[in-house]
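S.K.: one predicted model, sequence on top.
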Amino acid sequence: MSFFGGGIFYGSGSFYIGAGSNPANGIPQDLRFYRTTTDGIYVFWWGFNPAFITPSLALANFDLELDTVNTFTSPNLVTFTSGSLVNPPITFQNGNVRKGFAVPVAARIDKIEQIWYARVRTHTPSFVSDWSAVLTWVIPQKVEQQYAENLMISLPDFHVYGKGDLLKPVNQRNSNLYLIEDMYGNQFDKVFYENFLTQTDNYVDMCRDEFLQENFGVLFNFPKPNTLQFVDYRWILMNLFLASLVGSTNEAIILTVQSFTGVPPAITNIRDEEDFFLITIQDPPVVSTAGQTVFHTSQPFIDATITLEQLSTLAVGSTTGFSIGEASDTTDSPPVSFFITSIISGTELEIASIPNVGGQTLNPGDNIVQGLASTTISSVTPGGFISSSNYTTDGVQGTWTMNSPQTAGTVFQAMFDVGNPNDPFPVIFDSLSGSTTLTGLVTFTNGNQNIGGFGTLFLTELSIGDEITDPNGIYIGEIDQITDNTHCHLLNTWKGPTEVNTAYRLLYTDIQLPPPILWDQSTLKAGVLITVFNPGDFILS
């Protein structure tokens, strides 16, 4: 996951100007233009090196220069800046993958085709890039005068109206004949220019914005989303159009993916992979019988990855009035706090972690309270993680064997990785990468959507739609309601074991959840793995 939080894709690169950065990455690339329906308004649009694409790119400004000489030193030079109030006005399209200016330029001139030049650069408070490659573009001629004169001269009796007036410079014409000529010429020019623009609409990179969807979006059943900038919509359609024409499936996949992210995906043959992803499993609690030594896991596992925990239990005088949540031993000073995870029977409680806090221990005869309920402990079964020297494993059979027989009622819980790696260093899926630890302890209850907290700050640390896990990276679910700082609600019922533990709010849920599907070389002989990089953290739904 190096491209999130490190490497060239996120958190570094030229936009963050630091050690080892390459300023060339920030120079706008592939500068293009197209004409709009409004005469004299042009759109200039461009993209970037993939290493420059980050969420912070949306905050960058850009400078655009237009001139009639490619040195940009003539009196005709016009400059536009996206980050300031400018005159003449501009419309800036701040897309995720592409950016663009819609700007007024020189008007068309009768019988003269104008050659202009354009260049653009990135401009932030801490970084100004070099100028892009120079774009040469053409302003087509205006045909109003030419068409009007041809019309008037073709009249058989044009001499009656005084041809001489037509031959005078435009600013000296004052006859009614000129008014008629001007009216017809203006209409002819509008028809000419609309025909000219209609022909360019046949090219996806030159098509006017308002015709993109009906000319090209319909080909892919992809109408423009309201929140998508036209520069990005045009870029996506261009790549989809090219993807439909190339002969290679891999080429089509690359073009399709990079149209939405600006970055081509990595395509790897699965049969060339030595590693593969593993899934971490946490089994429900297992209660031992008297003298039991061999215990079964829910499925085969990778040897040396299993972790065993013995859950703590308390035998008490009565559990009446007790419930899942915080309780305290009032015998010690200060009181020892712990969590009740389940009610095993009418006289037995299961509690989280070992019954020892800060060097103080729960012992028979201690008094425990929860709210208004109070009782005395008659016996304690310690819990906690079990040293690997106390048991042996057989991952193929899916068992662990304790070195000594266990007493009846001892509660174990196993966590392990499943799979069949082909090399000594299997890749473990880490759903906690980039996660945030939530304050306090959280209770997840089997078969329940409600989540309770102790010392938690749900109102400030969680939002609707956040996804959370337990400390082992086991995916708990998505938050759909937050009542207060100690109560919230899951979108779906939690189907795992009841536990009280620290919880984590995930960051990169769009690529990390749900956990990846297991594969290995013995089950998949062909196919490819497509890794989609999303450095700008764009919504790809």
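M.R.: Yep, that arrived.

S.K.: right, and residue 185 touches residue 142 too?
M.R.: No - judged on C-beta atoms under 8 Å, residue 185 makes no contact with residue 142 at a distance of 9.3 Å. Backbone N, C-alpha and C define where each C-beta goes, glycine included.

S.K.: how about the strands of the stretch 401-541 of the chain, start to end?
M.R.: For the stretch 401-541 of the chain, applying DSSP state E, counting those that start in this stretch gives strands covering 411-418, 427-428, 436-437, 441-444, 448-454, 467-469, 475-484, 487-494, 499-501, 504-505, 528-531.

S.K.: quick one: mean pLDDT over the fifth one.
M.R.: Computed over strand 448-454, the mean pLDDT rounds to 89.

S.K.: if we can go back for a sec, export the strands of the stretch 401-541 of the chain to CSV and tack on distance to residue 370 and mean neighbour count?
M.R.: Output for the strands of the stretch 401-541 of the chain, formatted as CSV (distance: least, C-beta to C-beta, whole Å; neighbours: other C-beta atoms under 10 Å):
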stretch, distance to residue 370, mean neighbour count
strand 411-418, 20, 20
strand 427-428, 38, 15
strand 436-437, 26, 13
strand 441-444, 13, 23
strand 448-454, 12, 18
strand 467-469, 25, 22
strand 475-484, 20, 16
strand 487-494, 17, 16
strand 499-501, 13, 23
strand 504-505, 27, 20
strand 528-531, 50, 14
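
S.K.: going by mean pLDDT, which of those comes out lowest?
M.R.: strand 427-428 (a mean of 44).

S.K.: who are the packing partners of the longest helix belonging to the chain?
M.R.: Secondary structure assigned by DSSP state H gives helix 176-200 as the longest helix of the chain. Here helix 176-200 touches strand 29-35, helix 144-153, helix 163-167, going by 3 or more C-beta pairs under 8 Å, 6 or more residues apart in numbering; DSSP states H and E.

S.K.: about what we covered before: okay, and the common contacts of residue 185 and residue 142?
M.R.: By C-beta atoms under 8 Å, 6 or more residues apart in numbering, residue 185 and residue 142 have no common neighbours.

S.K.: after the longest helix of the chain, which helix or strand is next?
M.R.: Beyond helix 176-200 on the C-terminal side, the first helix or strand identified by DSSP states H and E is helix 209-215.

S.K.: so where's the stretch 151-300 of the chain shaky on pLDDT?
M.R.: The model of the stretch 151-300 of the chain has pLDDT under 70 over residues 151-167, 170, 173-178, 270-279.

S.K.: what's the closest of the strands of the stretch 401-541 of the chain to residue 204?
M.R.: strand 528-531 (24.9 Å; C-beta to C-beta).

S.K.: contacts for the closest one next, please.
M.R.: So strand 528-531 is contacted by 250, 253, 257, 265, 266, 267, 268, 269, 270, 273 (C-beta under 8 Å, 6+ apart).

S.K.: list the contacts for the nearest residue to residue 206 once chain neighbours are set aside?
M.R.: Distances taken as C-beta to C-beta, 6 or more residues apart in numbering place residue 200 nearest to residue 206, at 4.2 Å, with adjacent residues excluded. For residue 200, the contacting residues are 34, 35, 206, 207, 208, by C-beta under 8 Å, 6+ apart.

S.K.: what's the distance between residue 200 and residue 193?
M.R.: Residue 200 sits 11 Å away from residue 193, going by C-beta to C-beta, to the nearest Å.

S.K.: isn't residue 409 right up against residue 292?
M.R.: No - with contact defined as C-beta under 8 Å, residue 409 does not reach residue 292; the gap is 10.6 Å.

S.K.: ok, now how distant is residue 133 from residue 269?
M.R.: Residue 133 is 36 Å from residue 269, by C-beta to C-beta.

S.K.: check residue 189 too.
M.R.: 59 Å.

S.K.: between these two, which one's more packed in?
M.R.: More crowded of residue 189 and residue 269, by other C-beta atoms under 10 Å: residue 189, with 21 against 10.

S.K.: wait, that one sits on residue 140?
M.R.: No - the pair residue 189 / residue 140 is not scored as a contact, 10.6 Å apart, by C-beta under 8 Å.

S.K.: how about the contacts made by residue 327?
M.R.: 337, 338, 339, 340, 351, 368, 369, 370.

S.K.: care to break the protein down by domain?
M.R.: 14-139, 144-200, 282-414, 429-512 (automatic domain parsing).

S.K.: tell me if I'm right that residue 37 and residue 208 touch.
M.R.: Yes - Residue 37 lies in contact with residue 208 (C-beta under 8 Å); the separation is 5.7 Å.

S.K.: my read: residue 55 touches residue 534, true?
M.R.: No - taking contacts as C-beta under 8 Å, residue 55 lies outside contact range of residue 534: 10.1 Å.

S.K.: quick one: which of these two has more around it?
M.R.: residue 534 (23 against 13).

S.K.: with adjacent residues omitted, what lies nearest to the more buried one?
M.R.: residue 261 (5.2 Å).

S.K.: distance check, the one you found against residue 212.
M.R.: For residue 261 relative to residue 212 (C-beta to C-beta), the value is 20 Å.

S.K.: repeat for residue 379
M.R.: 76 Å.

S.K.: for residue 179, same thing?
M.R.: 39 Å.

S.K.: which one's more surrounded, the two?
M.R.: Neighbours per residue (other C-beta under 10 Å) separate residue 179 from residue 212, with residue 212 holding more: 18 against 11.

S.K.: residues contacting that one?
M.R.: Going by C-beta under 8 Å, 6+ apart, the list of residues near residue 212 reads 204, 224, 230, 233, 234, 237.
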